[in-house]
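> need the 3D shape of this:
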Amino acid sequence: MRWLDPTDQARLSGLGFSPRRPAPPSAPGRHRTLARGFTRDFAQHRPYAFGDEARAIDWKAYARLDRYYVREYRSEDRISLMILLDVTASMSFAGGGRPPKIDAARRIAAGLAWIAVAQGDEAGLMSVGGKAKILAPPRAGAAQLTALDEALTSATPTAAPDDGLAGGLEKAVESLPRRAAIAVLSDLLGDSTKILRALSRLTRGRRELMVLRILDPVERDFPFEGPLQFDGLEGGTVRVDASELATQYRAAFQRQEDVYRTTLRKASTPYASLTTDAPWTKAVSRLLSP
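Predicted coordinates:
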């Protein structure tokens, strides 16, 4: 996988998803993660991929077609992990020679998908900007990781309409499964009131939400001095005296971060924040910690 190497897989091993809302008494799940249970309904055939269990091969299909196919099942207690990847233009920002935020988000998305698939669950990917687009429908199995890896590579930040991230999240609600775990990977830049309102809508139905904020250290620290001109990735130009603005900017940034953290915590939504100079696997570990 381009976006997940064996070293990162080792760091993520042992992590898993645990539903925070109690399951119904009749749920047939084998464990408390999102993994499938005993009750299974046939969903589809797909080509055999390296890493699939031999017992999943449909030998009748092999006898007819002379090719290996795997039978996929959907169980009553399997919950799809849908990863919502922010592709607004601000995600392309990179400071100090660091990779852009979108690359960190791609690695996190690959890591979360790997965890879900490793425990027998489904993972899917949707891009959100001014609109929402499903890049990889949720599926289980090793082959899905390859599909997700390719989809992550093709996801490119672009300028969004005025409603930006909030508008994309609102549109995503229409395409999400009724029962799913939703992971939002974004810098959360924009109108925090509108973004939080859109995030709350994602939890309607039997959905669980977790949010991981990804920023460049420059966006947090504002290490500038003197007269400067800033050209916005989403459009527009601003001329400022950075020395005079720095204190106000840092205070405003901290207020926004506190609003996200406090509001999401009150809603029992797991939240973690990451800067691109820090190990992303540690942020995933914080996000998934009970």
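
> what segments of the chain are helices?
For the chain, the helices defined by DSSP state H occupy 6-12, 59-65, 101-118, 142-154, 164-172, 192-202, 217-221, 242-266, 280-288.

> longest strand of this structure?
strand 206-215 (DSSP state E).

> just checking: what are the partner strands of it?
Strand pairing for strand 206-215, using DSSP bridges, gives strand 179-186 (parallel), strand 271-275 (parallel).

> picking up where we left off before, would you single out the least confident of the helices of the chain?
Comparing mean pLDDT across the helices of the chain, the weakest is helix 59-65, with a mean of 85.

> output it as CSV - backbone C-alpha positions only.
What follows is helix 59-65 as a C-alpha-only set of coordinates in CSV (Å, rounded to 0.1, in the frame of the first residue of the first chain):
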residue,chain,number,x,y,z
TRP,A,59,-15.9,-24.0,-4.9
LYS,A,60,-19.0,-24.3,-7.0
ALA,A,61,-18.2,-21.0,-8.7
TYR,A,62,-14.7,-22.3,-9.3
ALA,A,63,-16.0,-25.5,-10.9
ARG,A,64,-18.1,-23.4,-13.3
LEU,A,65,-15.7,-20.6,-14.1
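
> who's in contact with that helix?
If you take C-beta atoms under 8 Å, 6 or more residues apart in numbering as the criterion, helix 59-65 is touched by 45, 67-69. All C-beta spots, glycine's among them, are computed from the backbone N, C-alpha and C.

> want to throw the strands paired with strand 206-215 into CSV with distance to Val211 and mean pLDDT?
Below are these laid out as CSV (distance: least, C-beta to C-beta, whole Å; pLDDT from 0 to 100):
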stretch, distance to Val211, mean pLDDT
strand 179-186, 5, 94
strand 271-275, 5, 97
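
> for those strands, which one ends up most surrounded?
strand 179-186 (a mean of 24; mean count of other C-beta atoms under 10 Å).

> between that strand and helix 164-172, how many degrees?
170 degrees (axes from the mean of the first three to the mean of the last three C-alpha atoms, to 10 degrees).
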